[in-house]
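[1] Structure for the following, please:
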Amino acid sequence: MEIEIKAIDFKTNAEAIEYAYPLQVARYELRRGSGGAGRWRGGDGLYREIELLAAACHGHTHGRSHPEVTVATCWDADRLDLGRVGIEPHSDYLCTAEARRPETIAAAHGRALAWLELRDRKR
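    Next comes the predicted model:
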């Protein structure tokens, strides 16, 4: 699924969009000549083509694995963080070989437990 956003907001860069939302910026460029004609011509606008990682969102909860590495990595990152809600990640539900490694699971779970401990101390 592709959506098109035409905006003049140069403040939001591609990295910020991709970090904050399940989106991938496919094209990010100036729209030359878009400022209009006339004595007080405006500045050029911005053209952004953003692809929604729909597969990642759609299969996030129930998907077992995904052939697209970006989607698989997204799912793994979230599943490795399940310790924050009291669930220990299991390799059967992870997509990539790196995420399924016992060392990776142990490190991620240890980080989540440390986070829980810090959170509980602040309460």
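[2] Can you show me the strands along the chain?
    Along the chain, the stretches classed as strands by DSSP state E are 2-7, 23-31, 45-52.
[3] The second one pairs with which strands?
    Read that as strand 23-31. Within its sheet, strand 23-31 is paired with strand 45-52 (antiparallel), according to DSSP bridges.
[4] For the partner strand, the averaged confidence score.
    Average pLDDT, strand 45-52: 69.
[5] Then stretch 59-67?
    Averaged over stretch 59-67, pLDDT sits at 79.
[6] what do you get for stretch 90-110?
    pLDDT averaged over stretch 90-110 gives 94.
[7] Residues in contact with it: which ones?
    64-66, 69, 72-73, 75-76, 79-81, 83, 88-89 (Cβ atoms under 8 Å, 6 or more residues apart in numbering). To be clear about C-beta, it is placed using only N, CA and C from the backbone, and glycine gets the same treatment.
[8] For the residues you listed, please prepare a markdown table with the additional fields neighbour count and distance to G45.
    Formatted as a markdown table, those follow (neighbours: other Cβ atoms under 10 Å; distance: Cβ to Cβ, whole Å):
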| residue | neighbour count | distance to G45 |
| --- | --- | --- |
| R64 | 10 | 43 |
| S65 | 13 | 41 |
| H66 | 19 | 35 |
| V69 | 10 | 33 |
| A72 | 18 | 36 |
| T73 | 16 | 33 |
| W75 | 24 | 35 |
| D76 | 22 | 37 |
| R79 | 18 | 40 |
| L80 | 18 | 40 |
| D81 | 16 | 38 |
| G83 | 19 | 45 |
| E88 | 12 | 49 |
| P89 | 22 | 44 |
